[in-house]
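[1] one predicted model, sequence on top.
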Amino acid sequence: MTIEMTPSVRITVLVEDLSSRGDLIAEHGLSLWVEADGVRLLFDTGQSGAFLANARALGIATERPNALVLSHGHYDHTGGLAFLSGDLQPARLYLHPDAVVPRYSRRSSASPKLIGMPSASAAAINRMGGRVVWTNEPTRISDRMGVTGLIPRNTTYEDPGGPFFLDPECPKPDRIPDDQALWIETPDGPVVVLGCAHAGVVNTLDYLAALLGATHFRAVVGGMHLLHANEERLHKTVGALKRYGVEVLAPCHCTGAAAMGRFEQVFSSEIVRLDAGATLNL
């Protein structure tokens with residue numbers, strides 16, 4: 001699937017939970033190939049080497065990327081790091097320091113599940129040495145592109161989106177402070193790329209609006225972790241997207257069926273479904 005618009009920003013989905021083609025691997029996770037402002041950037045890596053296999057199938061040359069951005073430290077966004085070597089190594093890796101901490105998930109009486117960055121991926125980061133950029137605060141990648149770093153949590157109705165914890169016994173909740181978004185400035189407003197939006201879609205847009213002086217967004221793309229969102233959160237998220245005049249809304253990965261259905265009802269022609277193999281030209 002290709003959505004044709006003014007191609008100043010090109011985003012190709014390398015890994016997503018679903019695939020649009022039989023020759024592409026689908027896995028729970030996200031990896032996007034972003035080309036904008038003269039930068040070739042990998043945004044997240046899925047949970048395995050599937051993103052590289054899919055890139056080859058799509059004819060995308062991923063050698064010597066200018067940058068790799070990790071949206072946060074969960075395994076389904078960082079597992080592919082261990083498969084980067086040689087010419088596939090990025091010139092810079094951008095991530096928040098908390099992306100490497102151990103983290104867990106536990107639902108009801110089930111045993112805790114380790115969901116943090118795999119040890120092989122953490123070892124790959126250690127080998128990158130001076131190429132690692134720790135993003136505690138907003139950080140520019142190029143003149144028109146950057147990452148948010150820590151996103152303030154100001155809304156009362158948004159939460160990280162699940163039973164996430166910092167220890168295997170699970171008494172310490174994990175607010176996932178490492179969650180960050182990528183932004184790309186265009187003449188028609190910023191394009192925002194989300195991994196899971198554990199900081200909240202509205203918190204993220206409000207922060208970027210203040211940071212960039214934006215009142216309008218060209219596009220919001222990626223995972224929105226609204227799987228367990230209640231009616232208030234869905235309603236207010238839709239309201240914020242409308243208030244900011246989002247021209248293209250492209251949810252995927254962890255957004256959830258209920259949120260996808262609501263978005264399609266409200267935004268109709270502005271909504272784009274993304275799965276592995278999709279390309280979005282903005």
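    Noted; the coordinates are in hand. Residues are numbered from 1 along each chain as shown.
[2] in the chain, which residue is most central in space?
    Gly195 (1.5 Å; Cα atoms, centre = their mean).
[3] what sits against that one?
    30, 43-44, 70-72, 77, 179-181, 222-223 (Cβ atoms under 8 Å, 6 or more residues apart in numbering). (C-beta placed from N, C-alpha, C; glycine too.)
[4] how about a markdown table for those residues, with distance to Leu24 and neighbour count added?
    Formatted as a markdown table, the contacts of Gly195 follow (distance: Cβ to Cβ, whole Å; neighbours: other Cβ atoms under 10 Å):
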| residue | distance to Leu24 | neighbour count |
| --- | --- | --- |
| Leu30 | 14 | 31 |
| Phe43 | 17 | 26 |
| Asp44 | 16 | 31 |
| Leu70 | 22 | 27 |
| Ser71 | 21 | 31 |
| His72 | 24 | 25 |
| His77 | 18 | 27 |
| Asp179 | 27 | 29 |
| Gln180 | 27 | 29 |
| Ala181 | 25 | 28 |
| Gly222 | 18 | 30 |
| Gly223 | 18 | 29 |
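[5] turn those residues into CSV, including distance to Gly146.
    Formatted as CSV, those follow (distance: Cβ to Cβ, whole Å):
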residue, distance to Gly146
Leu30, 19
Phe43, 13
Asp44, 16
Leu70, 14
Ser71, 14
His72, 17
His77, 19
Asp179, 15
Gln180, 10
Ala181, 10
Gly222, 16
Gly223, 19
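[6] sort out for me which of those are in helices.
    Here DSSP state H is the test, and the contacts of Gly195 give His77 as lying in helices.
[7] quick one: which of the contacts of Gly195 is nearest Ile60?
    Phe43 (13.3 Å; Cβ to Cβ).
[8] isn't Leu114 right next to Pro102, touching?
    Yes. Taking contacts as Cβ atoms under 8 Å, Leu114 lies within contact range of Pro102: 7.2 Å.
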